[in-house]
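1. What shape does this take:
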Amino acid sequence: MDYRLALLLSVFGLCSPSLYVLRQFHYIDLNMTWADAQHYCRDKYSDLVTIESASDISRLNRPDVSKAWIGLHDDPEDWKTMGNETNSWRWSSTGATSKTGYYNWVTNRPDNWRGEFCVMAKSSHVWDDTDCNTGMWFLCYTATNPASQKTYVLIQEAKNWKNAQTYCRTHHTDLAMIENAEEFANMVSVKGPRQGWIGLYREAWRWSDNRDSSFRNWKVYKPDNYHSFCVMSDEQYQWDDIHCKDKLPFWCQEVPKQHILMKLKIQTDADLSDPAVNAKLLQQLDALLPETTGQAHLKLKWKIQPRKQEEEKEKAEDQCPLK
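-> Reported below is the predicted structural model:
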(Lines give C-alpha, C1' and ligand atoms only; values in the text may rest on other atoms or scores of the structure.)
Protein backbone atom coordinates (compact mmCIF):
# COMPACT_ATOMS: atom_id res chain seq x y z
CA MET A 1 0.00 0.00 0.00
CA ASP A 2 1.28 3.47 -0.86
CA TYR A 3 1.16 6.24 1.72
CA ARG A 4 1.99 9.89 1.20
CA LEU A 5 3.04 11.63 4.38
CA ALA A 6 4.27 15.11 5.19
CA LEU A 7 7.36 15.25 7.38
CA LEU A 8 8.27 18.43 9.24
CA LEU A 9 12.01 18.73 9.75
CA SER A 10 12.90 21.14 12.53
CA VAL A 11 16.42 22.28 11.87
CA PHE A 12 18.15 23.85 14.82
CA GLY A 13 20.89 25.45 12.85
CA LEU A 14 22.32 22.96 10.45
CA CYS A 15 20.92 21.67 7.21
CA SER A 16 23.39 23.27 4.84
CA PRO A 17 26.45 25.51 5.04
CA SER A 18 24.43 28.39 3.59
CA LEU A 19 21.96 28.19 6.47
CA TYR A 20 24.68 27.85 9.08
CA VAL A 21 26.09 31.31 8.31
CA LEU A 22 22.91 32.76 9.79
CA ARG A 23 24.41 32.21 13.23
CA GLN A 24 24.85 35.16 15.54
CA PHE A 25 27.85 35.32 17.86
CA HIS A 26 27.54 36.67 21.41
CA TYR A 27 30.51 37.59 23.60
CA ILE A 28 29.67 36.79 27.23
CA ASP A 29 31.76 38.76 29.69
CA LEU A 30 31.42 36.31 32.57
CA ASN A 31 34.26 34.18 33.93
CA MET A 32 33.27 30.50 33.86
CA THR A 33 34.82 27.09 33.41
CA TRP A 34 34.45 25.57 29.94
CA ALA A 35 31.68 23.23 31.09
CA ASP A 36 29.75 26.03 32.81
CA ALA A 37 30.15 28.23 29.72
CA GLN A 38 28.78 25.40 27.57
CA HIS A 39 25.78 25.05 29.87
CA TYR A 40 25.17 28.82 29.81
CA CYS A 41 25.28 28.98 26.01
CA ARG A 42 22.97 26.00 25.59
CA ASP A 43 20.52 27.52 28.06
CA LYS A 44 20.53 31.10 26.75
CA TYR A 45 21.41 30.62 23.07
CA SER A 46 22.30 27.49 21.09
CA ASP A 47 25.82 26.40 22.09
CA LEU A 48 29.40 27.50 22.50
CA VAL A 49 30.69 28.95 19.25
CA THR A 50 31.89 26.77 16.38
CA ILE A 51 34.42 28.47 14.10
CA GLU A 52 34.48 27.28 10.51
CA SER A 53 36.63 29.87 8.73
CA ALA A 54 38.69 33.03 9.00
CA SER A 55 35.48 34.86 8.16
CA ASP A 56 33.93 33.56 11.38
CA ILE A 57 36.94 34.84 13.32
CA SER A 58 36.42 38.31 11.85
CA ARG A 59 32.86 38.29 13.26
CA LEU A 60 34.01 37.62 16.84
CA ASN A 61 33.66 41.19 18.03
CA ARG A 62 34.22 41.88 21.70
CA PRO A 63 34.31 45.03 23.82
CA ASP A 64 37.82 44.42 25.16
CA VAL A 65 40.93 42.39 24.44
CA SER A 66 40.91 39.16 26.39
CA LYS A 67 41.08 35.39 26.21
CA ALA A 68 37.78 33.56 25.78
CA TRP A 69 36.46 30.01 25.47
CA ILE A 70 35.32 28.60 22.13
CA GLY A 71 33.46 25.33 21.56
CA LEU A 72 36.46 23.11 20.72
CA HIS A 73 37.38 20.44 23.25
CA ASP A 74 38.75 16.90 23.60
CA ASP A 75 36.91 14.67 26.07
CA PRO A 76 39.24 12.17 27.83
CA GLU A 77 36.30 9.99 28.80
CA ASP A 78 35.74 9.26 25.11
CA TRP A 79 39.27 8.15 24.22
CA LYS A 80 40.21 6.31 27.41
CA THR A 81 37.89 3.54 26.26
CA MET A 82 36.97 1.91 22.94
CA GLY A 83 33.81 4.01 22.73
CA ASN A 84 31.86 5.34 19.76
CA GLU A 85 32.06 9.09 20.28
CA THR A 86 33.48 11.55 17.75
CA ASN A 87 36.98 11.52 19.20
CA SER A 88 37.06 7.84 20.25
CA TRP A 89 39.55 5.36 18.82
CA ARG A 90 38.71 4.00 15.36
CA TRP A 91 40.22 1.66 12.78
CA SER A 92 41.96 2.90 9.65
CA SER A 93 40.31 0.37 7.33
CA THR A 94 36.76 1.39 8.25
CA GLY A 95 37.13 4.92 9.62
CA ALA A 96 34.68 3.75 12.28
CA THR A 97 34.91 2.92 15.96
CA SER A 98 35.35 -0.68 17.08
CA LYS A 99 32.43 -3.04 16.51
CA THR A 100 33.56 -5.48 19.20
CA GLY A 101 35.17 -3.16 21.75
CA TYR A 102 38.26 -5.41 21.82
CA TYR A 103 41.52 -3.82 23.02
CA ASN A 104 44.85 -4.78 24.58
CA TRP A 105 46.21 -1.56 26.06
CA VAL A 106 49.34 -1.51 28.19
CA THR A 107 48.59 -0.52 31.80
CA ASN A 108 47.64 3.18 32.19
CA ARG A 109 47.26 3.69 28.45
CA PRO A 110 46.09 5.50 26.46
CA ASP A 111 47.31 8.65 28.19
CA ASN A 112 47.45 11.14 25.28
CA TRP A 113 50.84 12.41 26.48
CA ARG A 114 51.38 15.66 24.56
CA GLY A 115 49.07 14.60 21.76
CA GLU A 116 49.38 10.91 20.93
CA PHE A 117 46.73 10.00 18.37
CA CYS A 118 48.10 6.78 16.79
CA VAL A 119 48.68 3.31 18.23
CA MET A 120 51.62 0.91 18.14
CA ALA A 121 51.91 -2.70 19.27
CA LYS A 122 54.92 -2.86 21.57
CA SER A 123 57.53 -5.63 21.57
CA SER A 124 55.51 -7.15 24.44
CA HIS A 125 52.48 -7.00 22.07
CA VAL A 126 50.35 -4.66 24.22
CA TRP A 127 49.12 -1.41 22.66
CA ASP A 128 50.39 2.08 23.38
CA ASP A 129 49.28 5.48 22.06
CA THR A 130 52.20 7.25 20.40
CA ASP A 131 53.07 10.40 18.44
CA CYS A 132 51.92 9.74 14.86
CA ASN A 133 55.11 11.29 13.43
CA THR A 134 57.36 8.66 14.98
CA GLY A 135 59.10 6.42 12.43
CA MET A 136 58.82 2.66 13.02
CA TRP A 137 58.03 -0.66 11.37
CA PHE A 138 54.35 -1.45 10.88
CA LEU A 139 51.81 -4.22 10.36
CA CYS A 140 49.50 -4.46 7.36
CA TYR A 141 46.62 -6.86 6.86
CA THR A 142 44.91 -8.38 3.86
CA ALA A 143 41.25 -9.31 3.95
CA THR A 144 40.76 -12.93 2.88
CA ASN A 145 37.74 -15.04 2.01
CA PRO A 146 35.63 -15.02 4.10
CA ALA A 147 36.14 -11.30 4.61
CA SER A 148 36.11 -11.67 8.39
CA GLN A 149 39.49 -13.47 8.23
CA LYS A 150 42.70 -11.47 8.00
CA THR A 151 46.31 -12.26 7.20
CA TYR A 152 49.00 -10.02 8.66
CA VAL A 153 52.43 -9.00 7.46
CA LEU A 154 55.20 -7.05 9.19
CA ILE A 155 56.77 -4.38 6.99
CA GLN A 156 60.35 -3.78 8.08
CA GLU A 157 60.60 -0.18 6.94
CA ALA A 158 60.50 2.80 9.30
CA LYS A 159 57.60 5.11 8.45
CA ASN A 160 55.34 7.48 10.34
CA TRP A 161 51.75 6.34 10.85
CA LYS A 162 50.29 8.19 7.85
CA ASN A 163 52.94 6.92 5.42
CA ALA A 164 52.55 3.42 6.83
CA GLN A 165 48.81 3.67 6.18
CA THR A 166 49.45 4.72 2.57
CA TYR A 167 51.83 1.81 2.04
CA CYS A 168 49.37 -0.74 3.46
CA ARG A 169 46.49 0.59 1.39
CA THR A 170 48.64 0.41 -1.75
CA HIS A 171 50.05 -3.09 -1.27
CA HIS A 172 47.54 -4.77 1.05
CA THR A 173 44.14 -3.87 2.52
CA ASP A 174 45.15 -1.45 5.29
CA LEU A 175 47.08 -1.11 8.54
CA ALA A 176 46.42 -4.02 10.89
CA MET A 177 42.89 -4.20 12.29
CA ILE A 178 42.46 -6.42 15.36
CA GLU A 179 38.95 -7.00 16.68
CA ASN A 180 39.23 -10.18 18.79
CA ALA A 181 41.67 -12.44 20.66
CA GLU A 182 42.15 -14.78 17.69
CA GLU A 183 43.19 -11.93 15.41
CA PHE A 184 45.46 -10.61 18.14
CA ALA A 185 47.19 -14.01 18.39
CA ASN A 186 47.65 -14.12 14.60
CA MET A 187 49.12 -10.62 14.61
CA VAL A 188 51.53 -11.55 17.43
CA SER A 189 52.74 -14.64 15.54
CA VAL A 190 53.72 -12.40 12.62
CA LYS A 191 55.09 -9.46 14.59
CA GLY A 192 57.31 -11.45 16.97
CA PRO A 193 59.40 -9.54 19.55
CA ARG A 194 59.26 -6.29 17.59
CA GLN A 195 57.13 -3.17 17.74
CA GLY A 196 55.13 -1.54 14.98
CA TRP A 197 52.17 0.59 13.99
CA ILE A 198 48.68 -0.88 13.85
CA GLY A 199 45.60 0.77 12.34
CA LEU A 200 44.10 2.28 15.48
CA TYR A 201 43.91 6.09 15.59
CA ARG A 202 41.63 8.90 16.66
CA GLU A 203 40.65 12.37 15.51
CA ALA A 204 41.32 14.70 18.40
CA TRP A 205 39.21 17.76 19.15
CA ARG A 206 35.52 18.18 18.46
CA TRP A 207 33.07 21.06 18.58
CA SER A 208 30.50 21.37 21.33
CA ASP A 209 27.63 21.31 18.80
CA ASN A 210 29.19 18.28 17.01
CA ARG A 211 29.65 20.33 13.88
CA ASP A 212 32.16 18.64 11.56
CA SER A 213 34.45 21.62 10.99
CA SER A 214 38.15 20.93 10.40
CA PHE A 215 39.15 24.61 10.50
CA ARG A 216 41.88 25.30 13.08
CA ASN A 217 43.77 28.43 14.12
CA TRP A 218 46.30 27.13 16.66
CA LYS A 219 49.12 29.20 18.11
CA VAL A 220 52.65 28.05 17.30
CA TYR A 221 53.52 24.79 19.12
CA LYS A 222 49.90 24.29 20.11
CA PRO A 223 48.04 22.23 21.03
CA ASP A 224 50.48 20.57 23.44
CA ASN A 225 47.83 18.36 25.11
CA TYR A 226 49.56 18.80 28.44
CA HIS A 227 46.53 17.55 30.39
CA SER A 228 44.61 20.39 28.78
CA PHE A 229 41.45 19.50 26.89
CA CYS A 230 39.54 22.74 26.28
CA VAL A 231 40.34 25.52 23.82
CA MET A 232 40.42 29.27 24.23
CA SER A 233 41.03 32.06 21.72
CA ASP A 234 43.71 34.57 22.76
CA GLU A 235 44.03 38.31 22.21
CA GLN A 236 45.00 37.76 18.55
CA TYR A 237 42.21 35.19 18.09
CA GLN A 238 44.71 32.33 17.98
CA TRP A 239 43.90 29.14 19.86
CA ASP A 240 45.50 27.41 22.82
CA ASP A 241 44.49 24.29 24.75
CA ILE A 242 44.29 24.93 28.49
CA HIS A 243 42.78 23.36 31.59
CA CYS A 244 39.00 23.17 31.40
CA LYS A 245 38.64 24.33 35.01
CA ASP A 246 40.17 27.73 34.22
CA LYS A 247 37.61 30.53 34.26
CA LEU A 248 37.29 32.78 31.21
CA PRO A 249 34.71 34.80 29.27
CA PHE A 250 33.34 32.97 26.23
CA TRP A 251 31.46 33.17 22.95
CA CYS A 252 28.04 31.68 22.40
CA GLN A 253 26.38 31.14 19.05
CA GLU A 254 22.69 31.58 18.33
CA VAL A 255 21.37 29.46 15.47
CA PRO A 256 17.94 30.31 14.05
CA LYS A 257 15.46 27.47 14.17
CA GLN A 258 14.07 26.60 10.76
CA HIS A 259 11.40 24.25 9.50
CA ILE A 260 11.48 22.25 6.29
CA LEU A 261 8.42 20.36 5.02
CA MET A 262 9.17 17.17 3.11
CA LYS A 263 6.64 14.89 1.46
CA LEU A 264 7.37 11.17 1.51
CA LYS A 265 5.86 8.31 -0.45
CA ILE A 266 6.13 5.09 1.52
CA GLN A 267 5.17 1.65 0.21
CA THR A 268 4.36 -0.73 3.05
CA ASP A 269 1.83 -3.27 4.25
CA ALA A 270 1.81 -1.63 7.67
CA ASP A 271 -1.06 0.64 8.64
CA LEU A 272 0.52 4.07 8.92
CA SER A 273 -2.67 5.46 10.37
CA ASP A 274 -1.82 3.45 13.48
CA PRO A 275 -0.12 5.90 15.90
CA ALA A 276 2.22 3.16 17.17
CA VAL A 277 3.43 2.32 13.66
CA ASN A 278 3.71 6.01 12.86
CA ALA A 279 5.84 6.64 15.95
CA LYS A 280 8.10 3.67 15.23
CA LEU A 281 8.77 4.87 11.68
CA LEU A 282 9.55 8.35 12.93
CA GLN A 283 11.98 6.90 15.47
CA GLN A 284 13.81 4.96 12.75
CA LEU A 285 14.05 8.01 10.49
CA ASP A 286 15.27 10.12 13.39
CA ALA A 287 18.04 7.61 14.14
CA LEU A 288 19.26 7.81 10.53
CA LEU A 289 19.62 11.59 10.50
CA PRO A 290 23.13 11.92 12.03
CA GLU A 291 24.49 9.19 9.71
CA THR A 292 22.95 10.52 6.50
CA THR A 293 23.28 14.26 7.07
CA GLY A 294 26.24 14.51 9.43
CA GLN A 295 24.29 17.17 11.27
CA ALA A 296 23.19 17.64 14.84
CA HIS A 297 20.08 19.09 16.46
CA LEU A 298 17.68 17.83 13.78
CA LYS A 299 14.20 16.85 14.94
CA LEU A 300 11.40 15.18 13.00
CA LYS A 301 7.67 15.11 13.44
CA TRP A 302 4.70 14.25 11.24
CA LYS A 303 2.62 17.13 9.99
CA ILE A 304 -1.02 16.11 9.79
CA GLN A 305 -2.96 18.02 7.19
CA PRO A 306 -6.18 19.80 8.38
CA ARG A 307 -8.42 17.55 6.26
CA LYS A 308 -6.81 14.48 7.74
CA GLN A 309 -7.30 15.88 11.23
CA GLU A 310 -11.02 16.37 10.56
CA GLU A 311 -11.33 12.81 9.23
CA GLU A 312 -9.68 11.45 12.35
CA LYS A 313 -11.95 13.56 14.56
CA GLU A 314 -15.07 12.29 12.79
CA LYS A 315 -13.81 8.72 13.00
CA ALA A 316 -13.22 9.09 16.72
CA GLU A 317 -16.73 10.51 17.24
CA ASP A 318 -18.24 7.58 15.31
CA GLN A 319 -16.42 5.14 17.53
CA CYS A 320 -17.28 6.98 20.74
CA PRO A 321 -20.67 8.68 20.18
CA LEU A 322 -21.64 11.40 22.59
CA LYS A 323 -24.37 10.49 25.10
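
2. Contacts only, for the residue nearest to K222 when sequence neighbours are not counted.
-> Sequence neighbours aside, D240 is the residue nearest to K222 in space, at 5.1 Å (criterion: Cβ to Cβ, 6 or more residues apart in numbering). Any C-beta I mention is one placed from the backbone N, CA and C, and that applies to glycine too. D240 makes contact with W218, K219, K222, P223, V231, M232, D234, according to Cβ atoms under 8 Å, 6 or more residues apart in numbering.

3. Of those - the most surrounded one?
-> V231 (26 neighbours; other Cβ atoms under 10 Å).

4. Got the confidence number for it?
-> In this model, V231 is scored at 97, pLDDT.

5. Point me to the helix or strand that includes it.
-> For V231, the host element (DSSP states H and E) is strand 230-233.

6. elements contacting that strand?
-> Judged by 3 or more Cβ pairs under 8 Å, 6 or more residues apart in numbering; DSSP states H and E, strand 230-233 is in contact with strand 68-73, strand 239-242.

7. Contacts made by it with the rest, please.
-> 34, 60, 67-70, 72-74, 205, 217, 223, 239-244, 246, 248, 251.

8. List the strands paired with it, with their directions.
-> strand 68-73 (antiparallel), strand 239-242 (antiparallel) (DSSP bridges).

9. Centre of the chain to the last one, how far?
-> In other words, strand 239-242. Chain-centre distance of strand 239-242: 20 Å, with Cα atoms, centre = their mean, to the nearest Å.

10. Which residue ranges make up the domains of the chain?
-> Using automatic domain parsing, the domain ranges for the chain come out as 2-13+256-310, 23-74+205-254, 76-201.

11. End to end on the longest one, go ahead and measure it.
-> Using Cα to Cα, to the nearest Å, one end of domain 76-201 lies 14 Å from the other.

12. looking at this, E77 is in a helix?
-> Yes. Counting by DSSP: H, G, I helix; E, B strand; the rest coil, E77 is located in a helix.

13. Show the pLDDT at it.
-> In this model, E77 carries a pLDDT of 76.

14. try Y40
-> Confidence for Y40, expressed as pLDDT, is 98.

15. By mean pLDDT, show me the worst of the domains of the chain.
-> Among the domains of the chain, domain 2-13+256-310 scores lowest, at a mean of 60.

16. Strands of the stretch 51-200 of the chain, start to end?
-> For the stretch 51-200 of the chain, the strands defined by DSSP state E, counting those that start in this stretch cover 68-73, 90-91, 118-121, 127-130, 136-143, 150-159, 174-175, 196-201.

17. Against which helices or strands is the fourth one packed?
-> Spelled out, that is strand 127-130. With 3+ Cβ pairs under 8 Å, 6+ apart as the test, strand 127-130 has strand 118-121 packed against it.

18. Same question for stretch 34-44: list its buried residues.
-> W34, D36, A37, Q38, Y40, C41 (16 or more other Cβ atoms under 10 Å).

19. which helices and strands sit right next to the helix or strand hosting the fifth one?
-> If you go by DSSP H and E, Y40 is part of helix 34-44. The criterion is 3+ Cβ pairs under 8 Å, 6+ apart, and the helices and strands that helix 34-44 contacts are strand 24-32, strand 47-48, strand 68-73, strand 248-254.

20. center of this structure, which residue is that?
-> In the chain, the centroid-proximal residue (Cα atoms, centre = their mean) is T86; its distance is 2.6 Å.

21. what's the burial count for the closest residue to that residue other than its chain neighbours?
-> Setting aside the residues directly before and after it, T86 is nearest to R206 in space (Cβ to Cβ, 6+ apart), at 4.3 Å. Neighbour count of R206, defined by other Cβ under 10 Å: 20.

22. bridging residues for R206?
-> Here R206, judged by DSSP bridges, has bridge partners H73.

23. From S213, how far out is it?
-> According to Cβ to Cβ, to the nearest Å, R206 and S213 sit 10 Å apart.

24. Let me see the contact set for the nearest residue to S66 once chain neighbours are set aside.
-> Excluding its sequence neighbours, the residue lying closest to S66 (Cβ to Cβ, 6+ apart) is P249, at 6.0 Å. Residues in contact with P249, defined by Cβ under 8 Å, 6+ apart, are Y27, I28, D29, L30, N31, R62, S66, K67, A68, W69.

25. what's near enough to touch the fifth one?
-> Neighbour list for N31: K247, L248, P249 [criterion: Cβ under 8 Å, 6+ apart].

26. Verify the stated contact: the first one with S66.
-> Going back to what we said before, that points to K247. No. Contact criterion Cβ atoms under 8 Å: K247 and S66 do not qualify, at 11.9 Å.

27. Can you check what angle separates the helix holding Y40 from strand 248-254?
-> Angle, helix 34-44 to strand 248-254, by axes from the mean of the first three to the mean of the last three Cα atoms, to 10 degrees: 30 degrees.

28. hmm, back to that, for the helices and strands packed on helix 34-44, which one sits closest to A270?
-> strand 47-48 (37.2 Å; Cβ to Cβ).

29. Paired strands for the closest one, with orientation please.
-> strand 248-254 (antiparallel).
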